[in-house]
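Peer 1: Here you go, sequence then predicted model.
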Number of protein chains: 6
Amino acid sequence: MIEDVVVERWDSGRPHEGKVFAAVFPHSDDFTFFAGGTLLKMIKEGYKGYFIRLTNDEKDSYDLSIGETIYRIEQETHQVANLFGIEKVYDFNYKNHYMDYTQLTEIRHRLMTLFRFLKVDTVISFDPWGHYEENPEHYLTGKAVEAACWMAGRQLDLPELKDMNIMPHFVTEKYYVARGPQLTNRIIDISSVLHMKRKAIALHATPIDSMWKIYLEKHPDGTGRFKSIEQFAETSFIREACEPYRGMQFYEKFHYIGPSEY
Amino acid sequence: MIEDVVVERWDSGRPHEGKVFAAVFPHSDDFTFFAGGTLLKMIKEGYKGYFIRLTNDEKDSYDLSIGETIYRIEQETHQVANLFGIEKVYDFNYKNHYMDYTQLTEIRHRLMTLFRFLKVDTVISFDPWGHYEENPEHYLTGKAVEAACWMAGRQLDLPELKDMNIMPHFVTEKYYVARGPQLTNRIIDISSVLHMKRKAIALHATPIDSMWKIYLEKHPDGTGRFKSIEQFAETSFIREACEPYRGMQFYEKFHYIGPSEY
Amino acid sequence: MIEDVVVERWDSGRPHEGKVFAAVFPHSDDFTFFAGGTLLKMIKEGYKGYFIRLTNDEKDSYDLSIGETIYRIEQETHQVANLFGIEKVYDFNYKNHYMDYTQLTEIRHRLMTLFRFLKVDTVISFDPWGHYEENPEHYLTGKAVEAACWMAGRQLDLPELKDMNIMPHFVTEKYYVARGPQLTNRIIDISSVLHMKRKAIALHATPIDSMWKIYLEKHPDGTGRFKSIEQFAETSFIREACEPYRGMQFYEKFHYIGPSEY
Amino acid sequence: MIEDVVVERWDSGRPHEGKVFAAVFPHSDDFTFFAGGTLLKMIKEGYKGYFIRLTNDEKDSYDLSIGETIYRIEQETHQVANLFGIEKVYDFNYKNHYMDYTQLTEIRHRLMTLFRFLKVDTVISFDPWGHYEENPEHYLTGKAVEAACWMAGRQLDLPELKDMNIMPHFVTEKYYVARGPQLTNRIIDISSVLHMKRKAIALHATPIDSMWKIYLEKHPDGTGRFKSIEQFAETSFIREACEPYRGMQFYEKFHYIGPSEY
Amino acid sequence: MIEDVVVERWDSGRPHEGKVFAAVFPHSDDFTFFAGGTLLKMIKEGYKGYFIRLTNDEKDSYDLSIGETIYRIEQETHQVANLFGIEKVYDFNYKNHYMDYTQLTEIRHRLMTLFRFLKVDTVISFDPWGHYEENPEHYLTGKAVEAACWMAGRQLDLPELKDMNIMPHFVTEKYYVARGPQLTNRIIDISSVLHMKRKAIALHATPIDSMWKIYLEKHPDGTGRFKSIEQFAETSFIREACEPYRGMQFYEKFHYIGPSEY
Amino acid sequence: MIEDVVVERWDSGRPHEGKVFAAVFPHSDDFTFFAGGTLLKMIKEGYKGYFIRLTNDEKDSYDLSIGETIYRIEQETHQVANLFGIEKVYDFNYKNHYMDYTQLTEIRHRLMTLFRFLKVDTVISFDPWGHYEENPEHYLTGKAVEAACWMAGRQLDLPELKDMNIMPHFVTEKYYVARGPQLTNRIIDISSVLHMKRKAIALHATPIDSMWKIYLEKHPDGTGRFKSIEQFAETSFIREACEPYRGMQFYEKFHYIGPSEY
């Protein structure tokens, strides 16, 4: 599955000074789990970063009310953003598990407006073409982002925004993550920021509590391999997050698309 | 606009013992503002009552985050339900201001399932045909309820529910409220429970705070007629909620549809 | 509700020779119940008539499988059409109880194609604006028909059909029926064809059996007013179908829209 | 149908100086036919005005290609806007005859963004509740406008726009026009600007040519009442546009909704 | 295309005693053609099985009316289910060839309700990611199933069902079939139950009659390779259904997804 | 990515005499850029050809009004069609950048009607399964075409068309193009018609002008590799359109699907 992979090097300077990225994910913990190390690298190398969270994460607790779930996860997202040094979180708050195909144009337009306003150069998001992804919000997010990136640069899309001084602007680099089969072509070693990723994971208390309780439900009476929530989180999101690759143990992987030549 | 109106009398006994109503509204404060007195009458006269709240009210604060808004209003709804003696609140939590026509079948099916399970006899909801209603969530709620009431009773709608012992059941009485022109045909004097309606209104702290701040924004620097939030709420939701009608000052009004003869 | 009503006279000749009507209804029994007498009058007066049935009526039995329900009602519809002297039935077979707003353009285009091909002059259908109509398929049918009537006549709608010699053609007269409040402006006395309407009603065995069993369910143990299915059908669809009006007992009523002057 | 009508007086001064209106219609000729005189009055009395045209009018010629139709009508719209003294035309260019219910949220958001940016106080549009309106684009436009007017003022709708200095702003006055039955409550005498309305009508050459050719198609071989396109336009859009009312012959009529007190 | 394939062995005992599968397919003949042998193996090995048929197969005859087509294929499906020893068939009866993206949430919810009620452990369905599949109902079915499997296990999805004692339950194993390119990773030798698959194929008389008549239409006047419907069915669904693989001639193939470790 | 590729040979005769193809693309320049050489080959070898253009290309200029953009590109499309010897262009004119999933059934039906009427044997269109395609109109077009090809041949799809003598007809060959990763299996050497493709490219003046201005915007002040629009077009659409493959420099590539054997 992994062919022609570029291992992106870390730069000790600020090669991306002046550039802007937007990480666009449907769920609070996606930012950290799939791209936390990469975001840290980008910021360290000069990028200004924004989070755009598409859903309200309302289904992602085990035993809280939906209202409390939403509120807690909103707060956790902002804490993680602060930890990472993100400039601002935009919460679009679409109803979790209900994102659907009829909303793609409307969501795309909100993304295009932000991409233009923030002058976003680079997005990190879900792969619109990642196969066997069981959560539709992952690929729907990817599809909205993929179309928004180039339409944001066109003169005749949402032309009224020009009167508001929100000018056409192309997003030219894309890092797409996927949980299943994907045309991976870029890998980023995150071992140097693993401690930060761990801290961020710990802040996602509500979704991880839910996963742990589901784990216990599936492996009742201590029959599971994991004996504590900490061990569960450390193993599943850090130690076993990736198959070792060319000697690397801790990395994040992407289908990367760079600027077109023409 | 008001013709052939029946003024529904209060019964000192429990004529509705054994009956069940569901109040189905999109927003937390709709229950109280449009039907609070009527719900109290119904419960007093023997009904068991349920709230089904369709949206998450996420837009209904002035300066809170969306997460905090949702959580607060969820809690306020439950407090109002307790005050009224409601059995249970079902929060469907559709994204506020985004309810749309493509969701009507899915919402209708969730309503039908509940109407069957709870054996609902009577609904209180928004008039699906109330004109010049500027909030689409009002009439969309009405449309979903209107269709669910009779389809819930049909044998071949969602037939798989019979295997789960959730049997067909018709909802036969409907009280529809509207803010604008409507074929009003029933009025309920609520003066005897006005103190309870006032208490309930006070519990809706978040939406009323928002309305008051919008009022101040429209009438800056003390130019408005109201000098306090209490005066604003008392006047707009109690004192001036209705035009006096046949000597009644405090009432709630409906388009009522009773059981069909055939 | 009934103002400025024209009582349409019966003509002993063939004033409509050469004209074509399409009765467009969602359900098999709508043709007979709401417009059976009127269709008979039209055909007697020279019209060629077509049925366009939009749904498959799959929910309209009490205890048959959905497959058998559809098949039986399809056959019954064709028998009624034969009884009335209808040229042909077009069954569109949309899933009963699932017609929705997202389908309106697609349905409209199929209607426009037929209106052009059959050179339809007049439609009989549900009132798109009939209030307190609890069945969405009634007004959705009306809305699709209402738009199809004039778009069928326009040169640039579905222009590819011209290559197939299916030319633009306006539908200029509309008879809209409604079950609830409506701006009724035309009434047709059907007493002279009541025997035929009775025969047609009897052919709708499946839906009437369902209504009768629902009636028995609501009035168990012989508590109901009707003692037989025949009595139920005769009373509800013939004797009590309308309030007496200007001395007429048996009539069908419409919101009629004639050709525009301009 | 017309009750409690206010006849809005003409003011010789500039009572609306500093105010902004947006006329939002689906089609180029709607601006002139339904509200041309009223727009002229508003501008004369101090308003700044904008046109927001929702469709591309692609179906509104008789024998041009769709491309040429769109281009011509776009140009005609701008000429009419210039004649009226409109500040700017925003062409949203939705596909004519294809506006549908699934687009309402997306259209509403574009309208809200413009209403905020332009600080619109007053809208003129189609009545969302005008009955027997056969063109769905009329009431769909009305529905999008109706919801956009108040949501534009709310703090938590499209909150990201605040970062772009596009601040919440309520639209507080609405003039709704309808072709069929409507709760008309306001009338504006346009006799003093009739010559300007005539000039504007003449600029809508493409749609009027289409109407005239349809008229000839319906009344072939000189059988029609009108002998020239000029006579057709003068009669149908000026002389017979309204029934005389309280001695007025030339007026435009509306369902008007003013600012709420609360 | 076929890599890392596991050939699933047949167990002479009842290793799956107590487990439940649901085969979810859009069309009657999909059950048999794509998974008939596998279903027989599962039942033999202890599974209880259910069919969930999503469409009404209304298009799948050559010269019957749609009503008769639906009725016949409904009956054939039940005969096949009986032959296989299936517990029950749930016919959802969505309009054949009209399943679309707007229905995915509603269908998913009906599936989730059944998966919870029946405590489904394993699904057999179409691959949501099978490429060059020309029938949208195949991958739309897969998409609805894929999302329903894990959402069925979550606490906050359709939470009202808990009150009805329909508790969250994860579906943990998936067998996905595809007609075109797919990441096949599991193969089941069906030679031992080929006689049963042949019997089942014969029961699908209506769709096979349609395929045969289409075959004759494409190869008129005896020009085709097949001389009888039996030969056609035997060759296309049995003999040439698969390319020989590792010496196996008669097998069914899947993209299999097992329980996640975490 | 390119495996098992057939290089389709050029035939000096007219092997396809009597056959019909439809090239179905969303945008004017897709016909030329992706399949211009192939269309020329097909026509030379006997095919009659049609263009079906799904969108109105309204976004595809840099600084024209939307109306002028549409009109110009409509004209350019017809010029290209004339150059190629195409019989007729069908312009469906869906709003550019707004094609969405809710329209797939309606578009499919218009395609099926044309495929039947024109008796189309072969389609050239976008690959419905081409990955990392950032323009949704490419794969949505592919999806509508893919389903229309076989449904056009079925007896019970849009059965009313038979009355109009528009009979069921299967499209049996498909050439699918893609910009990104695709299962390419067929290549056509276009060097012999390169001069014609160049001429066609030059006719697409409006979209190429837009691309060139975007190029200049990305490479301001002469920093780009291309110094003129002619050089830009020649390089990106001719010289560097493909990686050299088996010694071929100028070719077009497809995922080809031929007639099924059964």
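Peer 2: Ah, there it is.
Peer 1: And stretch A:244-256, how far out from the chain middle?
Peer 2: Centre-to-centre, stretch A:244-256 and its host chain are 16 Å apart (CA atoms, centre = their mean, to the nearest Å).
Peer 1: sorry, that was for stretch A:156-174
Peer 2: With CA atoms, centre = their mean, you get 23 Å for stretch A:156-174.
Peer 1: name the element the spatially most central residue of chain A belongs to?
Peer 2: The centre of chain A sits closest to A:F31, judged by CA atoms, centre = their mean, with a distance of 3.6 Å. Per DSSP states H and E, A:F31 falls inside helix A:28-44.
Peer 1: Do any residues in that helix lie close to chain E?
Peer 2: No - counting by CB under 8 Å from any CB of the partner chain, no contacts exist between helix A:28-44 and chain E, the nearest distance being 11.8 Å. To be clear about C-beta, it is placed using only N, CA and C from the backbone, and glycine gets the same treatment.
Peer 1: Over to stretch A:57-71?
Peer 2: Yes - Stretch A:57-71 comes into contact with chain E (CB under 8 Å from any CB), by way of A:58-63, A:66, A:69.
Peer 1: Among those, name the ones in helices.
Peer 2: Taking DSSP state H as the definition of helices, these contribute A:66, A:69.
Peer 1: Ends of stretch A:17-30, what's the gap?
Peer 2: Taking CA to CA, to the nearest Å, the first and last residues of stretch A:17-30 lie 25 Å apart.
Peer 1: Centre of the chain to that stretch, how far?
Peer 2: 6 Å.
Peer 1: that older thread, now the helix holding A:F31: average pLDDT?
Peer 2: Averaging pLDDT along helix A:28-44 yields 98.
Peer 1: again, but for stretch A:228-239
Peer 2: Mean predicted confidence for stretch A:228-239 is 95.
Peer 1: Just the endpoints, please. Distance across it?
Peer 2: End-to-end for stretch A:228-239, by CA to CA: 15 Å.
Peer 1: and the residue of chain A positioned farthest from its centre, helix, strand or coil?
Peer 2: Most distant from the centre of chain A: A:D221, at 34.4 Å, with distances by CA atoms, centre = their mean. Here A:D221 is coil, with the state taken from DSSP: H, G, I helix; E, B strand; the rest coil.
Peer 1: Can I get the buried part of the residues of stretch A:57-71 next to chain E as one ChimeraX selection?
Peer 2: Only the buried members of the residues of stretch A:57-71 next to chain E end up in this ChimeraX selection, burial being decided by 16 or more other CB atoms under 10 Å in any protein chain shown:
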select /A:58,59,60,61,62,66,69
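Peer 1: and which of the residues of stretch A:57-71 next to chain E is nearest D:T105?
Peer 2: Nearest to D:T105 among those: A:E58, at 19.3 Å, using CB to CB.
Peer 1: I figured that closest one was touching A:K95, is that so?
Peer 2: Yes - A:E58 lies in contact with A:K95 (CB atoms under 8 Å); the separation is 6.7 Å.
Peer 1: Mutual contacts of the two, please.
Peer 2: Counting by CB atoms under 8 Å, 6 or more residues apart in numbering or on different chains, the common neighbours of A:E58 and A:K95 are B:56, B:93.
Peer 1: In JSON lines: the residues of stretch A:57-71 next to chain E, plus pLDDT.
Peer 2: Shown next, in JSON lines, are those (pLDDT from 0 to 100):
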{"residue": "A:E58", "pLDDT": "98"}
{"residue": "A:K59", "pLDDT": "98"}
{"residue": "A:D60", "pLDDT": "98"}
{"residue": "A:S61", "pLDDT": "98"}
{"residue": "A:Y62", "pLDDT": "97"}
{"residue": "A:D63", "pLDDT": "95"}
{"residue": "A:I66", "pLDDT": "98"}
{"residue": "A:T69", "pLDDT": "98"}
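Peer 1: Now do the buried residues in stretch A:221-235.
Peer 2: A:224, A:226, A:229, A:232-233.
Peer 1: Can you sort out which of those also neighbour chain C?
Peer 2: Okay, of the buried residues of stretch A:221-235, nothing touches chain C (CB under 8 Å from any CB).
Peer 1: which one among those residues gets closest to chain F?
Peer 2: Using CB to the nearest CB, A:A233 is the member of those that lies nearest chain F, at 32.5 Å.
Peer 1: returning to that earlier point: out of the buried residues of stretch A:221-235, who's nearest D:H109?
Peer 2: For the buried residues of stretch A:221-235, the residue nearest D:H109 by CB to CB is A:A233; the value is 38.7 Å.
Peer 1: Thanks a lot, catch you later.
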